[in-house]
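A.B. asks: Give the three-dimensional model of this entry:
(chains A and B)
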Protein chains: 2
Amino acid sequence: MQNLRIPGPTPCPEEVLKAMGQQMINHRGPEMAAIMKEVAEKLKYFFQTKNDVLVLTGSGTGGLEAAAVNFLSPGDTVLSVSIGVFGERFAKIASIFGAKIIALNFEQGKAADPALVKKALTEHPEIKAVLVTHNETSTGITNDLKPLASVIKGAGKLLLVDAISSLSSINLPVDEWGCDVVVSGSQKGWMVPPGLAFISVSPEAWKANAESKMPRFYWDLAKHKASIEKGQTPWTPCVSVIVALHTALIMMEKEGMQNIFKRHQKIADFTRKGVKELGLTLLAEEKYASNTVTAIVATEGLDVKKLLKIMREEYNTVLAGGQGPLEGKIFRIGHLGWVTENDIKVTLDNLKLALPKAGFRS
Amino acid sequence: MQNLRIPGPTPCPEEVLKAMGQQMINHRGPEMAAIMKEVAEKLKYFFQTKNDVLVLTGSGTGGLEAAAVNFLSPGDTVLSVSIGVFGERFAKIASIFGAKIIALNFEQGKAADPALVKKALTEHPEIKAVLVTHNETSTGITNDLKPLASVIKGAGKLLLVDAISSLSSINLPVDEWGCDVVVSGSQKGWMVPPGLAFISVSPEAWKANAESKMPRFYWDLAKHKASIEKGQTPWTPCVSVIVALHTALIMMEKEGMQNIFKRHQKIADFTRKGVKELGLTLLAEEKYASNTVTAIVATEGLDVKKLLKIMREEYNTVLAGGQGPLEGKIFRIGHLGWVTENDIKVTLDNLKLALPKAGFRS
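C.D. replies: Numbers count the residues shown, from 1 in each chain, chains lettered A, B, ... in the order given. I've put the predicted structure just below:
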């Protein structure tokens, strides 16, 4: 089997693949309603929230669009706290739909500084909402969300969080930290294929939704809320991934939420240690290094494109390159969802052999 | 096995389910690019077009939203030719994003009249684009699209077609009839699960796209066009349904496009004949009765809700009810995609037994 070590899509367990291959059922029938209701409850558990958690058919980016267009109005001032490509994407979406963006961008590989967020909020009292990335997939950084949320909620702002590549793998107690809207994606830590985005909505966010004037139809969360109470979605959903998710959530409950977090922490530590032992340099400030994806700087003559090709063709291991301004400058190892320490051991063993062939001088 | 006889999701062949259960691959890797490029070419064949055909992760409604927001601007006058719930939905989406809708609504169960469309276009020269449903799933009507397209293109208007539940099952030569934008959905005649929408875009529509001012990001088709040329999508797609579609398209090529149309015609004729022999009444004007879904009027004391329950619980057969104003007034039999005459024979045999139990006096 191919060792798929990108930060999503992630490999799926056999049970999940079996569920993916199940015959179609009526998306408005009682079997689907039972599954949908259980899925919604189990998602709430992993989101650590009493808020509604809605299931959208689309990619994570669709979830970000839903987060923007349901709670903002054209002309609203929005603070974008960005630490990479996905932070910028979130801001871009809000901007396209008419929000005025105040951009607070941090250097690639660094986390967001709560003090600077506080400063921006003080300087711009007109800010209505704040966009924050929990885990920036492009740089392998996990923001310390708790103090960020504290500053943002302390200032009475709406907090919209991109947790696409963290939630389920890294602790994010949505209610405790006061996150109003939180987005995740099925192909990340949830051990199922891409096709679904999940979004939690706080009571305060629902109030903003009632007043929000950005145009929406497909992503209209009020329609999703009305439907999920019947165990349905307003439009025909990606039935197979929902059925597979139901299976995956049961597996995740068996492993235990805290054990999943610990496993990701342990495997991430093992990855970072192994990478450094190979003489490689981590992009991330280690205090904020992500437990789901590790970004490695292409130092010492390393040709990233060549390395990815050799790893794929000679070692059956698929790694990810850099995105946007980091293309060619870093490569990334995904370690989220259905992953063991051995998957990483094999990856590191192969990297050791492949690196010199790709120009790396350790 | 359950006899799933709703107009989508439709049952999937064993080969397609096996493809659904395949392990994840890199959505930006060479294996996926090869599949995507073949899928795009094969879709063009079934759309009977040289236009771009783009693959979106979302439901058919997402495809309709993409059709609206990519080619229109707020304030544009748009003629909505509607013959049911899905026609109204298309207009509603365009309206929410700022189009001025001139509604030309036809009675439920009737097809659109090209002469009245022509009249509306003459009376309102400010009309920029026309929304037309090819096959109205809620009433089981197939519009005679050729003369409608002729009138609309003759007047120089942009033609946006909802062919979600027809394309691949009912002849729709996109280029020959001059359809600018055509939307279909994976869970209909394509024999794969829900999760994807397909959309074809003519050169004239791309010109409109360049000038269109409706806000868009997730559904931005220019981004999809740039990506598909690399065998990719701009956002992580529903990989499994794409892999399954690749399998289904090969099966469809083997059967042959004309043979698929003939099979749907034959099975639809068989359905309508059988339904009438049971003493039931078709909703559709028979000349325009759809080859993918048959709507039946609840006459002679028939309790639709009860009938659907009895058919599901006692006869393992799942039928669809009515939608919107037709709820409780009709029921529907889906016969599209992976369907044989025997599937319908079983359905009709069971209906014969279930009808009297649901209050029907023949």
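A.B. asks: how about the strands in the stretch 201-350 of chain A?
C.D. replies: Secondary structure of the stretch 201-350 of chain A (DSSP state E, counting those that start in this stretch): strands at A:281-282, A:293-297, A:317-318, A:320-321, A:330-334.
A.B. asks: In CSV: the ones you listed, plus mean neighbour count, distance to B:A358 and mean pLDDT.
C.D. replies: To be clear about C-beta, it is placed using only N, CA and C from the backbone, and glycine gets the same treatment. Shown next, in CSV, are the strands of the stretch 201-350 of chain A (neighbours: other CB atoms under 10 Å in any protein chain shown; distance: least, CB to CB, whole Å; pLDDT from 0 to 100):
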stretch, mean neighbour count, distance to B:A358, mean pLDDT
strand A:281-282, 15, 67, 96
strand A:293-297, 26, 56, 98
strand A:317-318, 22, 55, 98
strand A:320-321, 20, 56, 98
strand A:330-334, 26, 53, 98
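A.B. asks: Tell me which of those approaches chain B most closely.
C.D. replies: Nearest to chain B, of all the strands of the stretch 201-350 of chain A, is strand A:317-318, at 4.9 Å by CB to the nearest CB.
A.B. asks: For the closest one, name the packing helices and strands.
C.D. replies: strand A:3-4, helix A:304-315, helix A:341-357 (3 or more CB pairs under 8 Å, 6 or more residues apart in numbering or on different chains; DSSP states H and E).
A.B. asks: Can you give the contact residues for the strand or helix carrying A:A19?
C.D. replies: Using DSSP states H and E, A:A19 sits within helix A:14-20. Here helix A:14-20 makes contact (CB atoms under 8 Å, 6 or more residues apart in numbering or on different chains) with A:12, A:191-193, A:240-241, A:243-244, A:246-248, A:251, A:338, B:20-23, B:240.
A.B. asks: and those residues, which are buried?
C.D. replies: A:12, A:191-193, A:240-241, A:243-244, A:246-248, A:338, B:20-23, B:240 (16 or more other CB atoms under 10 Å in any protein chain shown).
A.B. asks: out of those residues, which are inside helices?
C.D. replies: A:240-241, A:243-244, A:246-248, B:20, B:240 (DSSP state H).
A.B. asks: want to throw those residues into TSV with distance to A:A289 and pLDDT?
C.D. replies: Converted to TSV, these look like this (distance: CB to CB, whole Å; pLDDT from 0 to 100):
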residue	distance to A:A289	pLDDT
A:S240	34	98
A:V241	30	98
A:V243	35	98
A:A244	30	98
A:H246	32	98
A:T247	31	98
A:A248	26	98
B:M20	35	98
B:S240	31	98
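A.B. asks: which among those residues gets closest to B:S73?
C.D. replies: A:V241 (34.5 Å; CB to CB).
A.B. asks: and stretch A:82-95, average pLDDT?
C.D. replies: Mean pLDDT, computed over stretch A:82-95, is 98.
A.B. asks: what sits against A:L121?
C.D. replies: A:79, A:127, A:130, A:151-152, A:155, A:157.
A.B. asks: Now do the phi/psi pair for it.
C.D. replies: Backbone geometry at A:L121, expressed as degrees, to the nearest 10, gives phi -70, psi -30.
A.B. asks: Count residues in the vicinity of the closest residue to A:P237 other than its chain neighbours, would you?
C.D. replies: Nearest residue to A:P237, sequence neighbours excluded (CB to CB, 6 or more residues apart in numbering or on different chains): A:T57, at 4.7 Å. A:T57 is flanked by 28 other residues according to other CB atoms under 10 Å in any protein chain shown.
A.B. asks: Could you do A:L278 as well?
C.D. replies: 13.
A.B. asks: pretty sure it contacts A:L355?
C.D. replies: Yes: using CB atoms under 8 Å, A:L278 makes contact with A:L355 at a distance of 6.6 Å.
A.B. asks: State the helix or strand in which A:T49 lies.
C.D. replies: Using DSSP H and E, no helix or strand contains A:T49.
A.B. asks: List the residues that contact the closest residue to it other than its chain neighbours.
C.D. replies: Nearest non-adjacent residue to A:T49, counting by CB to CB, 6+ apart: A:V174, 4.0 Å away. Contact analysis of A:V174 by CB under 8 Å, 6+ apart lists A:47-49, A:51, A:182, A:200.
A.B. asks: Equivalent analysis for A:V132, please.
C.D. replies: By CB under 8 Å, 6+ apart, the neighbours of A:V132 are A:81, A:87, A:112, A:143, A:145, A:148-149, A:152, A:159-162.
A.B. asks: can you rerun that using 7 Å?
C.D. replies: For A:V132, the contact set (CB atoms under 7 Å, 6 or more residues apart in numbering or on different chains) comprises A:81, A:143, A:145, A:148, A:159, A:161.
A.B. asks: which is the next helix or strand following the helix or strand hosting it?
C.D. replies: Using DSSP H and E, the element containing A:V132 is strand A:127-133. Toward the C-terminal end, the helix or strand that comes next after strand A:127-133 (DSSP H and E) is strand A:135-136.
A.B. asks: count of neighbours near the residue nearest to A:V241 when sequence neighbours are not counted?
C.D. replies: Residue nearest to A:V241 in three dimensions, not counting chain neighbours: A:G195, with 4.1 Å by CB to CB, 6+ apart. Number of residues near A:G195 (other CB under 10 Å) recorded here: 35.
A.B. asks: thought A:G195 was touching A:L56?
C.D. replies: No: in this structure A:G195 lies outside contact range of A:L56 using CB atoms under 7 Å: 9.8 Å.
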